[in-house]
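Q: Fold the following, please.
(chains A and B)
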Amino acid sequence: MKKQKTFWKIASYATILMGIVIVMTPVVWLISTSLKDASQVFDPTIWIPRPPHFENYTKALSVMPFARYLANTCLVTFSCMALTIISSSLAAFGFARMRFPGRNILFVTLLSTLMLPAQVTMIPVFRIWSGLGLYDTFAPLIAPAAFGSAFYIFLLRQYFLTIPMEMDEAARIDGAGTLTIWWRIVMPQAKPALATVAVLSFMSHWNDFLGPLIYLSDPSKRTLALALWAFQGQYSTDWNLLMAASTVVMLPLLVLFFFAQRYFVQGVALSGLKG
Amino acid sequence: MRRSSFAKKEALRGYLCISPWVFGFVVFALGPMVFSFFISMTRWDMIKPAQFVGLENYARIFADDFRFRQSLWVTARYAALSLPLGMAGSLMLAMLLNMNLRGTRLFRAIFYIPAILPGVAVTMLWLWILKPRDGVLNYLLGFLHISPKPWISDPNWALPSFVIMSLWGIGGGMIIYLAGLQGIPQELYEAAEIDGAGTWARFRRITLPLISPTILFNLVMGIIGSFQVFTASFVMTPNGGPGYSTLFYVLYLYQKAFRYLQMGYASALAWILFIIILGLTLIILRTSNRWVYYESSE
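A: Numbering: from 1, shown residues only, chains lettered A, B, ... in the order given. You can find the predicted model right below:
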């Protein structure tokens, strides 16, 4: 029995390590390529470029207005994040802590929108924004976040349900209004869930490609994801520069993941999928 | 009297709280859905006024659109390959990382990384890895005595390339399985072990039934996701790859809408996609009571 256990343990470690090698190899290759010079790029036998060409990064970032793209991406990502948190938590607050006729039907409607493929609404929504004269602005990318997102509303509602209702009632007796209860009583109690929403929405907006692709045409308005794609069209043979640019676009997410790992994972647990 | 006026007040507050979402739902979901259904029955290029054509778009799609059939075939084959492999792989990985081995937390994080990275950057990385000549994958496969493959430059290898790329991201599914696995009481395994159940029996009789709701969730999300693949196919093969072998459904829809400006036709394609996804989801949910085990129903 004991022997068998040890065997399984060793076999498991071996499998995991093999998996890690497979998962990490592309990442190592990405960084390795990004530090090669033009003569080494097409040689797959070189893994540690000597000397490392860090100037690829400055080169890749200087052939495009990188600071501009970074500012655009931050503007869109952080605005969306703030708006999503406020609007989604307010709606979740309503669904979790108020009684009103039609609440269940509305909540089921909310959940069913999770199933609706974006492709169905994409063309009419595009028509709305271009009709408002807002094509090629950030408005179509940011404004929808002000109306909440079904998944985050669901997630926050689940969490709000776990906060004791007595707190709201006590505050109400003390004369607090609805918005005060939401902002001062419920929100501070829900920090882990809000952090999860913040992290997930940061990730989805930073990585968003289809939105900027459809709505932005002026090159100076590009976000990083879109700029990276355009960069590939222009410098399709400079793989070292392309990989340097890719690394830069990935970096903020890696840093965020490193510091806020548990919030990425928590979304799963919060949605009530445990078992 | 006082009670009902209080309830009225509360209802009003409730409506106020959810009103931004309700507004967004009407303007960005419900309205566009109705509008989209209407324009799927028109010919419309967004410049000239739409022209009502009845069901002509649908008729043309089903009767003589080679690319529609091709894109559906590509997407279905991709789903049929990547879903079972990805689900089995991520479940296996989750079980390995649920054994309380040393370093588990770090291992989990490493496997999860590919799932959080931006699609454009990841796709470009794979484009580079999969290069038929001087590509690093072919170079590494050489050590295993596997001959170089043409990958995305060949109609037969292009779709498998996408499957390989999707398998790199199985850490996303793994995290969800882990949440499910951690909900299984350890005593069940201990009891089974005392009764002499082997590893396979424990997996088959305890693990599988108890995480079947999680499997159902991953299956439904996986189907929805694989029918909506876009970024990878658009960045790697914007024209649909060699012989349209990677013309994914949403890529075709995007081309029709934003390259050829056939908004009516593209809307009809979108509705067909919606019906397919809805149909598959309903079939799975309907048949799920045969294989999904819910503790509370016992």
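
Q: Quick check, central residue of the chain?
A: In the absence of a named chain, chain A is used. Nearest to the geometric centre of chain A sits A:M203, at 1.3 Å (C-alpha atoms, centre = their mean).

Q: ah, I was thinking of chain B
A: Geometric middle of chain B (C-alpha atoms, centre = their mean) lands on B:G225, at 1.5 Å.

Q: Which residue, other than its chain neighbours, is closest to the residue nearest to the centre of chain A?
A: B:I116 (5.8 Å; C-beta to C-beta, 6 or more residues apart in numbering or on different chains). C-beta: built from backbone N, CA, C; applies to glycine.

Q: Around the nearest residue to B:S90 once chain neighbours are set aside, how many other residues sit close by?
A: Leaving aside its sequence neighbours, B:S90 sits nearest to B:G173 (C-beta to C-beta, 6+ apart; 3.4 Å). Number of residues near B:G173 (other C-beta atoms under 10 Å in any protein chain shown) recorded here: 25.

Q: do the same with the one 4 residues further on
A: A total of 26 residues lie near B:Y177 under the criterion other C-beta under 10 Å.

Q: Then A:G233?
A: Neighbour number of A:G233 under other C-beta under 10 Å is 8.

Q: Check the gap between it and B:A179 for me.
A: Relative to B:A179, A:G233 is positioned 40 Å away (criterion: C-beta to C-beta, to the nearest Å).

Q: now B:G173
A: Note on B:G173: its distance to B:A179, by C-beta to C-beta, is 11 Å.

Q: cool, B:F25 as well?
A: 29 Å.

Q: what about the two, which has more around it?
A: B:A179 (24 against 20).

Q: Now the more buried one: which helix or strand?
A: Assigned by DSSP states H and E, B:A179 falls within helix B:171-181.

Q: Name the residue of the stretch 51-200 of chain A that lies nearest to chain B.
A: A:F147 (2.4 Å; C-beta to the nearest C-beta).

Q: From what I see, that residue and A:S88 are in contact.
A: No - using C-beta atoms under 8 Å, A:F147 makes no contact with A:S88, being 9.1 Å away.

Q: where do the contact lists of these two overlap?
A: Common contact partners of A:F147 and A:S88 (C-beta atoms under 8 Å, 6 or more residues apart in numbering or on different chains): B:W21.

Q: For those two, indicate the residue with more neighbours.
A: Neighbours around A:F147 and A:S88, counted as other C-beta under 10 Å, are more numerous at A:S88. The numbers are 27 against 22.

Q: Now for that one: which residues touch it?
A: Counted by C-beta under 8 Å, 6+ apart, A:S88 has contacts A:G148, A:S149, A:Y152, A:I153, A:L156, A:V197, B:W21.

Q: Output those residues as JSON lines; include the columns neighbour count, secondary structure and distance to A:A269.
A: JSON lines is the format used below for these (neighbours: other C-beta atoms under 10 Å in any protein chain shown; DSSP: H, G, I helix; E, B strand; the rest coil; distance: C-beta to C-beta, whole Å):
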{"residue": "A:G148", "neighbour count": "28", "secondary structure": "coil", "distance to A:A269": "21"}
{"residue": "A:S149", "neighbour count": "25", "secondary structure": "coil", "distance to A:A269": "19"}
{"residue": "A:Y152", "neighbour count": "25", "secondary structure": "helix", "distance to A:A269": "15"}
{"residue": "A:I153", "neighbour count": "28", "secondary structure": "helix", "distance to A:A269": "17"}
{"residue": "A:L156", "neighbour count": "28", "secondary structure": "helix", "distance to A:A269": "14"}
{"residue": "A:V197", "neighbour count": "27", "secondary structure": "helix", "distance to A:A269": "14"}
{"residue": "B:W21", "neighbour count": "25", "secondary structure": "helix", "distance to A:A269": "24"}
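
Q: which of the residues you listed lies closest to A:T15?
A: A:T15 lies nearest to A:V197 out of those, by C-beta to C-beta, at 34.5 Å.

Q: And the pLDDT at the spatially closest residue to that closest one that is not a sequence neighbour?
A: Closest residue to A:V197 apart from its sequence neighbours, by C-beta to C-beta, 6+ apart: A:Y152 at 4.8 Å. On the pLDDT scale, A:Y152 is placed at 95.

Q: gap between B:S226 and B:L125?
A: B:S226 is 20 Å from B:L125, by C-beta to C-beta.

Q: same question, A:T121
A: According to C-beta to C-beta, A:T121 and B:L125 sit 31 Å apart.

Q: Need phi/psi at B:S245.
A: Here is the backbone geometry of B:S245 (degrees, to the nearest 10): phi -70, psi -10.

Q: measure it to B:T237 for me?
A: 8 Å.

Q: which residues of the stretch 51-200 of chain B fall in helices?
A: Under the criterion DSSP state H, counting those that start in this stretch, helices of the stretch 51-200 of chain B are mapped to B:56-64, B:66-96, B:104-116, B:119-129, B:136-143, B:155-168, B:171-181, B:186-194, B:199-202.

Q: And for the stretch 51-200 of chain A?
A: Under DSSP H, counting those that start in this stretch, the stretch 51-200 of chain A gives helices at A:55-62, A:66-97, A:103-112, A:118-131, A:139-142, A:150-160, A:166-173, A:178-180, A:187-189, A:191-207.

Q: Can you tell me the number of residues neighbouring the closest residue to B:Y189 other than its chain neighbours?
A: Nearest non-adjacent residue to B:Y189, counting by C-beta to C-beta, 6+ apart: B:R202, 5.9 Å away. For B:R202, the tally of surrounding residues (other C-beta under 10 Å) stands at 16.

Q: Who are the contact partners of B:R202?
A: B:R202 sits in contact with B:Y189, B:A192, B:E193, where contact means C-beta under 8 Å, 6+ apart.

Q: same thing but 10 Å
A: Applying C-beta atoms under 10 Å, 6 or more residues apart in numbering or on different chains, we find B:R202 in contact with B:L188, B:Y189, B:A192, B:E193, B:D195, B:L208.

Q: how much space between it and A:I16?
A: Applying C-beta to C-beta to B:R202 and A:I16 gives a distance of 20 Å.

Q: Grab the nearest non-local neighbour of whatever residue of the stretch 1-150 of chain B ends up closest to chain A.
A: Nearest residue of the stretch 1-150 of chain B to chain A, counting by C-beta to the nearest C-beta: B:G24, 2.4 Å away. Excluding its sequence neighbours, the residue lying closest to B:G24 (C-beta to C-beta, 6+ apart) is A:F147, at 2.4 Å.

Q: Let me know whether the one you found touches B:P20 as I believe.
A: Yes - when contacts are counted by C-beta atoms under 10 Å, A:F147 is listed as touching B:P20 (5.1 Å).

Q: what residues are shared contacts of these two?
A: Here A:F147 and B:P20 have A:L83, A:S87, A:S88, A:A91 as joint contacts, going by C-beta under 10 Å, 6+ apart.

Q: ok, and the most crowded of these?
A: A:A91 (30 neighbours).

Q: OK, contacts around that residue?
A: A:106-107, A:110, A:147-150, A:152-154, A:156-157, B:17-22, B:24-25.

Q: same check, this time on B:I215
A: B:M87, B:L91, B:G173, B:I176, B:Y177, B:G180, B:L208, B:S288, B:W291, B:V292.

Q: Swap in 8 Å and give it another go.
A: Neighbour list for B:I215: B:M87, B:L91, B:L208, B:V292 [criterion: C-beta under 8 Å, 6+ apart].

Q: try A:L35
A: A:P49, A:P52, A:H53, A:F54, A:N56, A:N240, A:A244.

Q: A:M187 too?
A: Going by C-beta under 8 Å, 6+ apart, A:M187 touches A:S89, A:L194.
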